[in-house]
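Novice: take this sequence and fold it.
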Amino acid sequence: MTPYVRPDRTISRRSLLATAGLAAAAVGGLSACGGGGDDAPGSGGSAGPVTAKTSEIKVGGGAVFAAGQAVVTQPTAGDFKAFSSICTHAGCPVAEVTDTINCNCHGSKFSITDGSVVNGPATQPLAARTVTVSGDSLSVA
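Specialist: From the prediction side, this is the model:
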């Protein structure tokens, strides 16, 4: 009878690093456009407070505040609105505000007036946030 010979299970440093790099990239990719719990798409995520000058928000447009996960718009003069800046389609941050709030990941567009979907693939509106105006400053909670 032939004795059992255990196969050599060594792994090269290069293979180990390549595998670890692929795993890290996969986790990073999943976290970039996904979410769950409090960070679910459209929930507002772990948004912090935002402060800005009212003059920073163009009438008929708006501005994205990435650090606070907020987008502030001014559909008509003196009427300020705020929404989550996290797209409800795949959890990507919206990129810009023109006459709509635009997500460049997959092309969704939202109304600057109420955050409703203007163009998919998103099917849910952006979550509303509370904006408070005091003189020439505004804050979003």
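Novice: which residues does the residue nearest to Thr100 when sequence neighbours are not counted contact?
Specialist: For Thr100, the nearest residue in space outside its immediate sequence neighbours is Lys109; the separation is 4.1 Å by Cβ to Cβ, 6 or more residues apart in numbering. All C-beta spots, glycine's among them, are computed from the backbone N, C-alpha and C. The contact partners of Lys109, taken as Cβ atoms under 8 Å, 6 or more residues apart in numbering, are Thr100, Ile101, Asn102, Cys103, Val117, Val118, Asn119.
Novice: from Ser137, how far out is the closest residue to His89 other than its chain neighbours?
Specialist: The spatial neighbour of His89 that comes closest, neighbours along the chain excluded (Cβ to Cβ, 6+ apart), is Ala122 at 3.9 Å. With distances taken as Cβ to Cβ, to the nearest Å, Ala122 is found 31 Å from Ser137.
Novice: so the two - more neighbours on which side?
Specialist: Here Ala122 and Ser137 are set side by side on neighbour count (other Cβ atoms under 10 Å), and the busier one is Ala122, at 22 against 13.
Novice: now do the SS call for that one.
Specialist: Using DSSP: H, G, I helix; E, B strand; the rest coil, the structure places Ala122 in coil.
Novice: can you pull the contacts of Asn119?
Specialist: Asn119 makes contact with Thr100, Gly107, Ser108, Lys109 under the criterion Cβ under 8 Å, 6+ apart.
Novice: against Lys53, how distant is it?
Specialist: Where Lys53 is concerned, Asn119 sits at a distance of 30 Å (Cβ to Cβ).
Novice: can you check Thr88 too?
Specialist: Taking Cβ to Cβ as the measure, Thr88 and Lys53 are separated by 28 Å.
Novice: need the worst-confidence member of the contacts of Asn119.
Specialist: On pLDDT alone, Gly107 ranks lowest of the contacts of Asn119, at 87.
Novice: give me the number of residues near it?
Specialist: Look at Gly107: counted by other Cβ under 10 Å, it has 13 neighbours.
Novice: am I right that it is in a helix?
Specialist: No - when classified by three-state DSSP, Gly107 is found to be coil rather than part of a helix.
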